[in-house]
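Peer 1: build me a model from this:
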Amino acid sequence: MSTQREHDRSFVRTFFTSPTAVKGENDSAKMIRSAAQLRGMRAPDVWVPDNEDATAPSMRDEGAENIVEVVAEHGAAFPGEIHPRIVWHRDSPGTRYRGFQHILEISDPEKGAIEHIDGFVVPEVGGIDDWKKADEFITIVENEHGLEEGSIAMSVIIESAAAELAMGDLREEMGKPDNNLERLFLLVDGEVDYTKDMRAITPTGGLPPWEELRHNTSRGASAAGLIAIDGPYDDIRDTEGYNERMTDNRAKGMIGIWSLTPGQVVEANTAPLPPVTGSWLINAAGEDVELDSEGSTQFYEGDRIELESTDNGYVLHIGSDKRELDEDELREELLNMTEYVPSMDDIVDSMEEFEAAKESGKGAISMTQTATIVIDSLEIEIEKDRMWDEATYQAAMTPISLFQDVYENRPDQHDDLAELYGEEVVERAMKVGE
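Peer 2: Just a heads-up that it's a prediction; the model follows:
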């Protein structure tokens with residue numbers, strides 16, 4: 001497998017689709033014209049003028065024309081990458097040919113759009129041979145228009161079992177002289193069509209969670225040097241659910257998610273970044289609860305944990321469980337029940353300290369985090385020690401690398417980031433790991 005990447009981005013937080021042509025409007029391109037002018041946290045990392053599912057079949061030829069017009073006019077100023085989605089289907093030669101014709105039209109240098117377009121999104125792919133067909137069509141377009149081979153990226157949407165299995169073939173296929181699959185950029189889950197392809201049924205008619213698909217896409221992207229994106233979250237008013245989904249995804253290594261509205265874009269642009277302030281969590285009968293903070297003192301205000309003092313020590317109630325403990329045993333129990341979520345400043349502090357220790361010849365150092373936990377007006381001081389070595393440092397680098405990637409690729413968000421963290425923290429974060 002070739003290890004050469006054809007794209008610079010290491011992370012993509014947001015994948016935002018817009019209909020390319022809206023029927024019955026004076027300006028059928030109004031949706032993509034509006035999206036092209038998004039800036040700051042409302043602008044996605046990847047904008048997808050969607051000439052497939054979001055656009056009626058009868059409007060797709062006009063949609064391709066609209067892409068050319070809008071991108072030629074606004075593409076130079078758009079702060080993210082632009083990747084139009086064209087029509088494609090693993091079982092339909094006619095659909096694939098129509099998609100090829102749209103790529104050919106949109107990529108014509110004389111029309112002024114392709115210089116601002118980073119790639120194309122190909123939906124409904126099947127096995128690896130189908131991916132190669134899409135790649136070959138893009139190679140033909142590049143040669144037809146005198147563009148450098150591999151200069152147009154290709155992203156695919158995983159909407160079938162065949163496409164899911166094909167991700168396992170990428171490491172072997174990429175880099176072979178009979179294809180240009182190094183142009184691959186994003187692997188995007190499409191759970192709706194995947195559900196249909198799998199003939200899955202749920203009692204409510206809703207989508208299954210497809211934990212395995214999201215894991216497999218993240219794994220496939222990591223193995224092939226690509227970027228994984230989760231599919232759309234249709235309940236656009238459920239901000240809490242959207243954030244829970246993103247939290248679950250990040251634990252799988254999947255940073256990016258499909259965004260259906262500018263509001264979801266803001267959430268998805270912000271959520272993966274390191275927290276502004278640190279916080280303590282306590283496991284309250286199986287549920288992680290954030291403690292209320294006043295300085296280094298952390299207050300539990302819920303009703304799942306109760307603490308009372310006795311002549312011999314303490315009685316700790318966790319749900320229906322009752323434990324009689326002395327002070328040392330209580331402190332140990334609270335240490336096991338609590339976790340600290342570090343802020344950006346905390347992470348940078350720790351990394352700077354480890355870098356200084358490594359420079360002086362130390363391979364590992366101990367970091368201590370202290371807090372006073374208050375439950376039912378009773379105070380217990382705890383200390384958590386964590387050993388930092390090179391592996392810990394590299395793991396901590398992942399959220400900082402994300403921040404650095406955002407800062408380098410999205411200058412339109414510099415003011416937002418400085419306002420969020422403070423200029424001093426931003427400057428330090430950009431220096432660690434150099």
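Peer 1: drop to CA atoms for contacts and neighbour counts, all remaining ones
Peer 2: Fine.
Peer 1: pLDDT score for the residue nearest the centre of the chain?
Peer 2: When C-alpha atoms, centre = their mean is applied to the chain, the residue found nearest the centroid is G256 (1.8 Å). With respect to pLDDT, G256 has a value of 97.
Peer 1: show me what contacts it?
Peer 2: F11, V12, R13, T14, F15, I227, A228, I229, D230, A268 (C-alpha atoms under 8 Å, 6 or more residues apart in numbering).
Peer 1: beta partners of it?
Peer 2: Beta-bridge partners recorded for G256 (DSSP bridges): I229.
Peer 1: do you know how far it is from V188?
Peer 2: Distance, G256 to V188, by C-alpha to C-alpha, to the nearest Å: 9 Å.
Peer 1: kindly report the same for S309.
Peer 2: Plainly put, S309 is 54 Å away from V188 if you go by C-alpha to C-alpha.
Peer 1: if you count what's nearby, which of those two comes out ahead?
Peer 2: In this view S309 and V188 are compared by other C-alpha atoms under 10 Å, and V188 has more residues nearby, 28 against 15.
Peer 1: buried sites along the longest helix along the chain?
Peer 2: Looking across the chain with DSSP state H, the single longest helix is helix 390-409. Judged by neighbour count using 16 or more other C-alpha atoms under 10 Å, the buried positions of helix 390-409 are Y393, A396, M397, I400, S401, L402, F403, Q404, D405, V406, Y407, N409.
Peer 1: and it, how far out from the chain middle?
Peer 2: Computed by C-alpha atoms, centre = their mean, to the nearest Å, the chain-centroid distance of helix 390-409 equals 14 Å.
Peer 1: CA atoms only for stretch 141-155 - export them in CSV, please.
Peer 2: Only the C-alpha atoms of stretch 141-155 are listed here, as CSV (Å, rounded to 0.1, in the frame of the first residue of the first chain):
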residue,chain,number,x,y,z
VAL,A,141,-12.0,13.6,-16.4
GLU,A,142,-8.6,14.8,-15.2
ASN,A,143,-6.9,13.7,-18.5
GLU,A,144,-9.8,15.1,-20.6
HIS,A,145,-9.4,18.6,-19.0
GLY,A,146,-5.6,18.6,-18.6
LEU,A,147,-5.7,18.3,-14.9
GLU,A,148,-3.0,16.6,-12.8
GLU,A,149,-3.8,12.9,-12.2
GLY,A,150,-4.9,12.5,-8.6
SER,A,151,-5.6,16.2,-8.1
ILE,A,152,-9.3,15.5,-7.6
ALA,A,153,-10.1,13.7,-4.4
MET,A,154,-12.7,11.0,-4.1
SER,A,155,-14.9,10.3,-1.1
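Peer 1: outside of that stretch, which residues touch it?
Peer 2: 6-7, 103-104, 107-109, 117-122, 135, 138-139, 180, 182-188.
Peer 1: ok, back up a step: mind checking which of the contacts of G256 land in helices?
Peer 2: With helices taken from DSSP H, the overlap with the contacts of G256 comprises A268.
Peer 1: phi, psi of the nearest residue to S343 once chain neighbours are set aside?
Peer 2: Nearest residue to S343, sequence neighbours excluded (C-alpha to C-alpha, 6 or more residues apart in numbering): G278, at 4.3 Å. Phi and psi for G278, reported as degrees, to the nearest 10, are phi -80, psi 160.
Peer 1: with Q37 as the reference, measure out to the closest residue in space to K111 that isn't next to it in sequence.
Peer 2: Closest residue to K111 apart from its sequence neighbours, by C-alpha to C-alpha, 6+ apart: V68 at 6.8 Å. The gap separating V68 from Q37 is 15 Å, by C-alpha to C-alpha.
Peer 1: swap in G168?
Peer 2: Distance from G168 to Q37, by C-alpha to C-alpha: 38 Å.
Peer 1: do A224 as well
Peer 2: Counting by C-alpha to C-alpha - A224 and Q37 are separated by 33 Å.
Peer 1: same check, this time on P44
Peer 2: 11 Å.
Peer 1: the more surrounded of those two?
Peer 2: Neighbour tally, P44 and Q37, criterion other C-alpha under 10 Å: the higher count belongs to P44, 31 against 14.
Peer 1: tell me the bridge partners for the residue lying closest to the more buried one once chain neighbours are set aside.
Peer 2: Nearest residue to P44 in three dimensions, chain neighbours excluded: T14, at 5.1 Å (C-alpha to C-alpha, 6+ apart). Here T14 sits in beta bridges with I257, as judged by DSSP bridges.
Peer 1: and stretch 139-147, how far from the chain's centre?
Peer 2: Counting by C-alpha atoms, centre = their mean, stretch 139-147 is centred 31 Å from the centre of its parent chain.
Peer 1: residue farthest from the centroid of the protein?
Peer 2: Computed with C-alpha atoms, centre = their mean, the maximum C-alpha offset from the centroid of the chain is found at D311, amounting to 52.3 Å.
Peer 1: what sits against that residue?
Peer 2: The contact partners of D311, by C-alpha under 8 Å, 6+ apart, come to none.
Peer 1: what do you get for Y340?
Peer 2: G278, S279, W280, L281.
Peer 1: from these, which land in strands?
Peer 2: Those of the contacts of Y340 mapping onto strands are S279, W280, L281, per DSSP state E.
Peer 1: any chance of those residues in CSV with distance to G361, neighbour count and pLDDT as columns?
Peer 2: Conversion of the ones in strands among the contacts of Y340 to CSV gives the following (distance: C-alpha to C-alpha, whole Å; neighbours: other C-alpha atoms under 10 Å; pLDDT from 0 to 100):
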residue, distance to G361, neighbour count, pLDDT
S279, 32, 17, 94
W280, 32, 21, 95
L281, 34, 18, 96
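Peer 1: where does the chain have low pLDDT?
Peer 2: Residue ranges of the chain with pLDDT under 70: 1-6.
Peer 1: hang on, the earlier thing: mind telling me what element the residue nearest to K111 is part of?
Peer 2: Per DSSP states H and E: V68 is located in helix 60-74.
Peer 1: in that helix, which residues are buried?
Peer 2: 60-72.
Peer 1: what is that helix packed up against?
Peer 2: helix 30-35, helix 93-106 (3 or more C-alpha pairs under 8 Å, 6 or more residues apart in numbering; DSSP states H and E).
Peer 1: can I get it in CSV, CA atoms only?
Peer 2: Extracted C-alpha coordinates of helix 60-74, given in CSV (Å, rounded to 0.1, in the frame of the first residue of the first chain):
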residue,chain,number,x,y,z
ARG,A,60,-30.0,17.2,-11.2
ASP,A,61,-28.8,18.5,-14.6
GLU,A,62,-29.7,22.0,-13.5
GLY,A,63,-28.1,21.2,-10.2
ALA,A,64,-24.8,20.5,-11.9
GLU,A,65,-25.0,23.8,-13.7
ASN,A,66,-25.8,25.5,-10.4
ILE,A,67,-22.7,24.0,-8.8
VAL,A,68,-20.6,25.5,-11.5
GLU,A,69,-22.1,28.9,-11.3
VAL,A,70,-22.1,29.2,-7.4
VAL,A,71,-18.6,27.7,-6.9
ALA,A,72,-17.1,29.8,-9.6
GLU,A,73,-18.5,32.9,-7.9
HIS,A,74,-18.0,32.0,-4.2
